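Novice: what follows is a predicted protein model with its sequence.
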Protein chains: 2
Amino acid sequence: MNAPNPSETAFSIAAVERDTGLAKDTLRVWERRYGFPAPTRDANGERVYPSDQVEKLRMIRRLLDHGRRPARIVGASVEELSSMLDSCLCPEGGTPAGRDDGLLQLVRLHRSVELAAALRQALMKQGLQRFVAETVAPLAAAVGEAWMRGEVDVPEEHLFTEQVQNLLRSAIGAHAASEGRPRVLLTTFPEEEHVLGLLMAEAMLVPEGASCLSLGTRTPLADIRSAAVGGGFDIVGLSFSIAYPARQAIDGLLELRALLPEEIGIWAGGGAVRDKQKRLPGIRVVGDLADTLAALQEWRKASA
Amino acid sequence: MNAPNPSETAFSIAAVERDTGLAKDTLRVWERRYGFPAPTRDANGERVYPSDQVEKLRMIRRLLDHGRRPARIVGASVEELSSMLDSCLCPEGGTPAGRDDGLLQLVRLHRSVELAAALRQALMKQGLQRFVAETVAPLAAAVGEAWMRGEVDVPEEHLFTEQVQNLLRSAIGAHAASEGRPRVLLTTFPEEEHVLGLLMAEAMLVPEGASCLSLGTRTPLADIRSAAVGGGFDIVGLSFSIAYPARQAIDGLLELRALLPEEIGIWAGGGAVRDKQKRLPGIRVVGDLADTLAALQEWRKASA
DNA sequence: GCGCCTCATTTGTCCTGGACAAAATAAACT
DNA sequence: AGTTTATTTTGTCCAGGACAAATGAGGCGC
């Protein structure tokens, strides 16, 4: 599971693409240009990546997501990369130790039963909004970081997502279908797969009496438009994970802004659009989950 | 939305890969071998696929999922492909007309608000188990068929999945976490993405007092084993969509059977394993949702 | 007839090494 | 400082060859 012995397992280029999200072409061109990765070859001349190189590629990927550029980091040692990651992470506010680490451990150890129980208990104790803001969001960030460090694998990430989805969807469903305003349409752009951002936003809004409808992930612009206009929505909410290319997010949002009638607001949240407010006229950039509530207040004030 | 004018939009090879699920390498090699697709080129010599060719590629992809082989179909005309698709679909039993068609129309027309409301209402009226067996399952089949025919697109499919997920997860969550037997672990193999099968199974079992835990999709065998053994489960339930390669399902199931202690049962359901019982000794093939309940009775009888 | 083994195709993925456009940065300018 | 223009950097695309894994056909024993 955690590949204790680095030389034990090896990866084909397709497997590395799946694991790191780096395209095959990119892996080959890095090898040509920077000399890394340096896979061995099998009997047929095909690349075989040892798992320590895959681990290093994951670190590099994570740094790229934080805005670094390949030339500067592909040649660096594991130690240098590790310290770069540390300096990337700490600024986001010191790791809040304690309870969350406990949950992260449950995820990493595949303690599925205990994880489900612990999350359920936290939800009961904190209520939906605090549960989202204080437990789910930090845990999601911690899992994301651990993922990039290679300490967490696909199945752990899925286990986590699945349990949180269960709780959030069921808690959201428990609020009677409200007819309240604003009516918010939630979704993501076609290249974005992550659904938790949407669910967290919905979980913040529904208890405030807003009526939300989620289209799920990967909705093309044209469909967002027709759903928003046809459904009489006041606001369209988009979520972007940290890995989503910022440029694409900005272009897409501006295009959507042009597509929608002016009276429909656009809210955008998530790592890829943070701090991009000034490049997004006519769009409300939601910095974090608490800011969602602020945006809601603003809307209600403005439309009163 | 539906690209009314075929010549209006054009696609890069990367876009076609996203839309059809056919790898870039595959698209290029088909062009070389079969003369189709035959994209035009832009100023830079890069392939530009007109949207009617992309549509045809989608049809081909669907036929491949049904077990046809490229050489036979890549050269065929759109009409021939269309009739092949028809003959693939009809044998599965005449389309059950009536109420479900109404819901399918809502999906196809992107009537997201009405769809959510109609589903919620059906759940209220029928109760969870009947809702799953009589509404969700037929609708899922109808959406699957429409998808095959190309009458339904990615966003429609996502809209449908999302709304059903919301309802099922919230209904399942409403049942207090039971400590009852059997304890069922639900998941899919790594190549299987579809989650609805798992949710439907869970929705059938939970009202019967079974205690279910879903790991979500895409769990490697080794992780299934450790979760099942470590969590003290009685049964592992696997779901396979119709598109999942039958051979892979059988091999994987037998391997899992060998991996798990004998006292843990394996249930397998979904299109890919239907009618494969005799090739799967030691595994309970669940034919349909009603059969899930039969399997449950058997287990309780045997373990009493 | 049915299951199992072997052989011939079919088919998807991988390879090399070159090219170029889009993005990001640095430099120059109002 | 803010905007325009050069100059890297970087990811994706192309061609055409190669090969192994998957699939189907043919032969053989039951």
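Specialist: Happy to help now that I have it.
Novice: any idea how far DNA strand C is from the closest residue to chain B within the stretch 201-304 of chain A?
Specialist: The nearest approach of the stretch 201-304 of chain A to chain B comes at residue A:216, 3.2 Å away (C-beta to the nearest C-beta). Bear in mind the C-beta positions are built from the backbone N, C-alpha and C, glycine included. Distance, residue A:216 to DNA strand C, using C-beta to the nearest atom of the strand, to the nearest Å: 26 Å.
Novice: list the residues that contact the residue of the stretch 1-150 of chain A at minimum distance from chain B.
Specialist: Closest approach between the stretch 1-150 of chain A and chain B, counting by C-beta to the nearest C-beta: residue A:113, at 4.7 Å. By C-beta atoms under 8 Å, 6 or more residues apart in numbering or on different chains, the contact list for residue A:113 reads B:213, B:231, B:232.
Novice: please apply the same query to residue A:167.
Specialist: Going by C-beta under 8 Å, 6+ apart, the list of residues near residue A:167 reads A:119, A:120, A:123, A:131, B:173.
Novice: with these in mind, which one is nearest to DNA strand C?
Specialist: The closest of the contacts of residue A:167 to DNA strand C turns out to be residue A:131 (C-beta to the nearest atom of the strand; 35.2 Å).
Novice: number of residues surrounding that closest one?
Specialist: Residue A:131 has 23 neighbouring residues, counting by other C-beta atoms under 10 Å in any protein chain shown.
Novice: would you check that it makes contact with residue A:120?
Specialist: No: look at residue A:131 against residue A:120 with C-beta atoms under 8 Å: they stay out of range, at 9.9 Å.
Novice: among the contacts of residue A:113, who's most crowded?
Specialist: residue B:213 (24 neighbours).
Novice: just to revisit the earlier point, would you mind listing the residues in contact with the residue of the stretch 201-304 of chain A closest to chain B?
Specialist: So, once contact is read as C-beta under 8 Å, 6+ apart, residue A:216 ends up touching A:187, A:195, A:198, B:158, B:159, B:161, B:162, B:165.
Novice: could I get the full set of strands for chain A?
Specialist: Listed in chain order, the strands found in chain A under DSSP state E are A:10-11, A:40-41, A:47-50, A:183-187, A:211-214, A:235-239, A:265-269, A:284-286.
Novice: rank the ones you listed by mean pLDDT and give me the bottom one.
Specialist: Ranked by mean pLDDT, those bottom out at strand A:10-11, with a mean of 84.
Novice: got the contact list for it?
Specialist: Contacts with strand A:10-11, where a contact means C-beta under 8 Å, 6+ apart, come from A:19, A:40, A:48, A:49, A:50, A:51, A:54.
Novice: can you rerun that using 7 Å?
Specialist: A:19, A:48, A:49, A:50, A:51, A:54 (C-beta atoms under 7 Å, 6 or more residues apart in numbering or on different chains).
Novice: tabulate those (JSON lines), appending distance to DNA strand D.
Specialist: JSON lines is the format used below for these (distance: C-beta to the nearest atom of the strand, whole Å):
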{"residue": "A:19", "distance to DNA strand D": "15"}
{"residue": "A:48", "distance to DNA strand D": "12"}
{"residue": "A:49", "distance to DNA strand D": "17"}
{"residue": "A:50", "distance to DNA strand D": "19"}
{"residue": "A:51", "distance to DNA strand D": "20"}
{"residue": "A:54", "distance to DNA strand D": "17"}
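Novice: the residue nearest to residue A:160 when sequence neighbours are not counted: how many residues sit nearby?
Specialist: Excluding its sequence neighbours, the residue lying closest to residue A:160 (C-beta to C-beta, 6 or more residues apart in numbering or on different chains) is residue A:107, at 4.9 Å. Residue A:107 has 21 neighbours, counted by other C-beta under 10 Å.
Novice: chain B contacts on chain A?
Specialist: A:1, A:110, A:112-113, A:116, A:120, A:154-155, A:158-159, A:161-162, A:165-167, A:169-170, A:172-174, A:177, A:213-220, A:222-223, A:226-227, A:231 (C-beta under 7 Å from any C-beta of the partner chain).
Novice: neighbours around the residue nearest to residue A:177 when sequence neighbours are not counted, how many?
Specialist: With sequence-adjacent residues excluded and distances taken as C-beta to C-beta, 6+ apart, residue A:177 is closest to residue B:120, at 6.7 Å. When counting by other C-beta under 10 Å, one arrives at 17 neighbours for residue B:120.
Novice: what about the residue of the stretch 51-200 of chain A at minimum distance from DNA strand D, neighbour count?
Specialist: Residue nearest to DNA strand D within the stretch 51-200 of chain A: residue A:71 (2.7 Å; C-beta to the nearest atom of the strand). The criterion is other C-beta under 10 Å. On that basis, residue A:71 has 9 neighbouring residues.
Novice: can you tell me how far it sits from residue A:80?
Specialist: Separation of residue A:71 from residue A:80 (C-beta to C-beta, to the nearest Å): 14 Å.
Novice: now residue A:54
Specialist: 18 Å.
Novice: and these two? Which one has more around it.
Specialist: Of the pair residue A:54 and residue A:80, residue A:54 is the one with more neighbours under other C-beta under 10 Å, namely 21 against 12.
Novice: what sits against the more buried one?
Specialist: Counted by C-beta under 7 Å, 6+ apart, residue A:54 has contacts A:11, A:16, A:19, A:20.
Novice: those residues: which two are farthest apart?
Specialist: A:11 and A:20 (9.5 Å; C-beta to C-beta).
Novice: of these two, which one has the most company?
Specialist: Ranked by neighbour count (other C-beta under 10 Å), residue A:11 and residue A:20 place residue A:20 first, with 24 against 20.
Novice: assess the claim that the more buried one and residue A:57 are in contact.
Specialist: Yes: Residue A:20 is within contact range of residue A:57, at 4.7 Å (criterion: C-beta atoms under 7 Å).
Novice: make CSV from the contacts of residue A:167 and add distance to DNA strand C and pLDDT to it.
Specialist: Output for the contacts of residue A:167, formatted as CSV (distance: C-beta to the nearest atom of the strand, whole Å; pLDDT from 0 to 100):
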residue, distance to DNA strand C, pLDDT
A:119, 36, 94
A:120, 40, 93
A:123, 38, 95
A:131, 35, 96
B:173, 38, 89
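Novice: mind picking the two most distant members of those?
Specialist: Most distant of these, by C-beta to C-beta, are A:131 and B:173, 13.5 Å apart.
Novice: how near is residue A:269 to residue A:137?
Specialist: 11 Å.
Novice: out of the two, which sits in the busier spot?
Specialist: Neighbours were counted for residue A:269 and for residue A:137 using other C-beta under 10 Å; residue A:269 has more, 24 against 19.
Novice: now do the same contact list for the residue lying closest to the more buried one once chain neighbours are set aside.
Specialist: Take residue A:269 and drop its neighbours on the chain: the residue closest to it by C-beta to C-beta, 6+ apart is residue A:286, 3.8 Å away. Residue A:286 makes contacts with A:267, A:268, A:269, A:292, A:295, as judged by C-beta under 7 Å, 6+ apart.
Novice: wait, the first one sits on residue A:282?
Specialist: It stands for residue A:267. No: using C-beta under 7 Å, residue A:267 is not in contact with residue A:282; the gap is 11.4 Å.
Novice: which of the two has more neighbours?
Specialist: residue A:267 (24 against 12).
Novice: distance of the closest residue to residue A:14 other than its chain neighbours from DNA strand D?
Specialist: By the measure of C-beta to C-beta, 6+ apart, the closest residue to residue A:14 outside its immediate chain neighbours is residue A:24, 7.0 Å from it. Between residue A:24 and DNA strand D the computed distance is 9 Å (C-beta to the nearest atom of the strand).
Novice: just checking, residue A:24 touches residue A:13?
Specialist: Yes: here residue A:24 reaches residue A:13: they are 5.2 Å apart, a contact under C-beta under 7 Å.
Novice: between those two, which has more neighbouring residues?
Specialist: Set residue A:24 next to residue A:13 and count neighbours by other C-beta under 10 Å: residue A:13 wins out with 19 against 16.
Novice: surely the more buried one meets residue A:25?
Specialist: No: using C-beta under 7 Å as the test, residue A:13 is too far from residue A:25 to be in contact (9.9 Å).
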